[in-house]
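Colleague: have a look; sequence and predicted model below, questions after that.
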Amino acid sequence: MVKISVLLKTLQTGQFWYVFPHHYYLWKRSLDIERTAPVTTATYGTPDVPEVHMLTGAKHHVDLLYAAKSFVHHYHSPISLVIHADRTVTEDIIKRLERHLPQSKIFTRQMRDDLIEPELEKRGLVRCKKFRQINVFASKLIDAFMLSCSNRVILLDTDCLAFKSLHRLQELVSHHPELNVFAKDPQPYPYSMTPEQIKLYFDVNIQPGLCAGFCAINRQIIDFSVIEQWLSNEQYPQSSHYAEQTITAALVSQSKVAILPENEYNTGRLQNERTCSFIHYCGHYLGKTRIAMRSIGQSIVLRQLCRAT
């Protein structure tokens, strides 16, 4: 909840009406989600079932509930759900996640450290270890694929919502295991380096528009020895918000990639909820896109989940 001191400061600076919608809808949707029933998924480690991996902190766990529940509701095939909690996630939040997503596998940061770091040391992947220590998003690349029990890994950010059947995604994931499937980013190169730099450092012609916020990846193409080699370049911006996304895109660019139709699977909310099956609301936390996610998108998901009970 918003601290009184923060509220007073926004009143003094005139920012109140700018930040108010964000805090209001976050509070309201946190109450609203309690009206929805738990959703059923496959358990972690179920053979031949794709895994959906999500990273969250305390501030975004309500968004995660809407994202995960809407995805499960519209993905009409078994999936298992794996949640990577960061250090801000408390025991109370974990209990809440477990109540809504009872079959999900939740790894705290400490649990992941205890499992991942000894394995990285054993393999001599010292740069991978350092990368995940300095960049919280590195777990979307390193932890997700080291902990995965499936050859099909779906990465799903908490700012994603599904509104209609995800038939095309399900078809590609189920019947074309060799493909890496992405929703196209509106930015051609949403990476931490330019295409020319990536070619110079990684010797890869990177494909445009590959956003790791929502994608399905063939686990077999994730080569940790290659990642270790790429991270050895001291000029690589490991702390960048897009550092893991750049490496993910470079890896899949050497394999087969399928792009989902933009009119159905939209990134950046360039189209609205009435026309899209799925929207990845990638946008600044205090921006119009994020307000729309909670005020419009999550409201639609809420109605759908309540009707389903």
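Modeller: Here it is on my side, so go on.

Colleague: which residue sits closest to Ser240, ignoring its sequence neighbours?
Modeller: Ser192 (3.8 Å; Cβ to Cβ, 6 or more residues apart in numbering). Just so you know, the C-beta spots here come from the backbone N, C-alpha and C atoms, and that holds for glycine as well.

Colleague: any idea how far Ala250 is from that neighbour?
Modeller: 11 Å (Cβ to Cβ, to the nearest Å).

Colleague: tell me which of these two has more neighbours.
Modeller: Ala250 (24 against 19; other Cβ atoms under 10 Å).

Colleague: other SSEs contacting the host helix or strand of the more buried one?
Modeller: With secondary structure defined by DSSP states H and E, Ala250 is part of helix 243-252. Contacts defined by 3 or more Cβ pairs under 8 Å, 6 or more residues apart in numbering; DSSP states H and E place helix 243-252 against helix 195-202, strand 210-218, helix 224-231.

Colleague: okay, those, which one's buried deepest?
Modeller: Most buried of the helices and strands packed on helix 243-252 by mean neighbour count (mean count of other Cβ atoms under 10 Å) is strand 210-218; its value is a mean of 24.

Colleague: any idea how far that one is from the middle of the chain?
Modeller: 9 Å (Cα atoms, centre = their mean, to the nearest Å).

Colleague: what about the residue nearest to Ser240, which SS state?
Modeller: Under DSSP: H, G, I helix; E, B strand; the rest coil, Ser192 falls in the coil class.

Colleague: hang on, isn't it packed against Gln235?
Modeller: No - assessed by Cβ atoms under 8 Å, Ser192 is found out of contact with Gln235, at 11.0 Å.

Colleague: just to revisit the earlier point, contacting residues for the residue nearest to Ser240?
Modeller: 236-237, 240-243, 245-246 (Cβ atoms under 8 Å, 6 or more residues apart in numbering).

Colleague: give the buried residues for the longest helix seen in the chain.
Modeller: The helix spanning the most residues in the chain, taking DSSP state H as the definition, is helix 16-32. Neighbour counts using 16 or more other Cβ atoms under 10 Å place 19, 21-22, 25-26, 28-29, 32 of helix 16-32 among the buried residues.

Colleague: name the helices or strands packed onto that helix?
Modeller: Looks like helix 16-32 contacts helix 4-13, helix 61-74, helix 288-292, helix 298-308 (3+ Cβ pairs under 8 Å, 6+ apart).

Colleague: possible to save the ones you listed as CSV with mean neighbour count, mean pLDDT and distance to Val39?
Modeller: Formatted as CSV, the helices and strands packed on helix 16-32 follow (neighbours: other Cβ atoms under 10 Å; pLDDT from 0 to 100; distance: least, Cβ to Cβ, whole Å):
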stretch, mean neighbour count, mean pLDDT, distance to Val39
helix 4-13, 11, 61, 34
helix 61-74, 24, 98, 5
helix 288-292, 18, 94, 24
helix 298-308, 17, 96, 8
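
Colleague: closest to Ala258 out of those helices?
Modeller: Nearest of those to Ala258, taken as Cβ to Cβ: helix 61-74 at 18.6 Å.

Colleague: hmm, back to that, any chance of the helices and strands packed on helix 16-32 in a markdown table, with distance to Thr36 too?
Modeller: As requested, these are exported to a markdown table (distance: least, Cβ to Cβ, whole Å):
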| stretch | distance to Thr36 |
| --- | --- |
| helix 4-13 | 29 |
| helix 61-74 | 7 |
| helix 288-292 | 20 |
| helix 298-308 | 4 |
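
Colleague: perfect, I'm done here.
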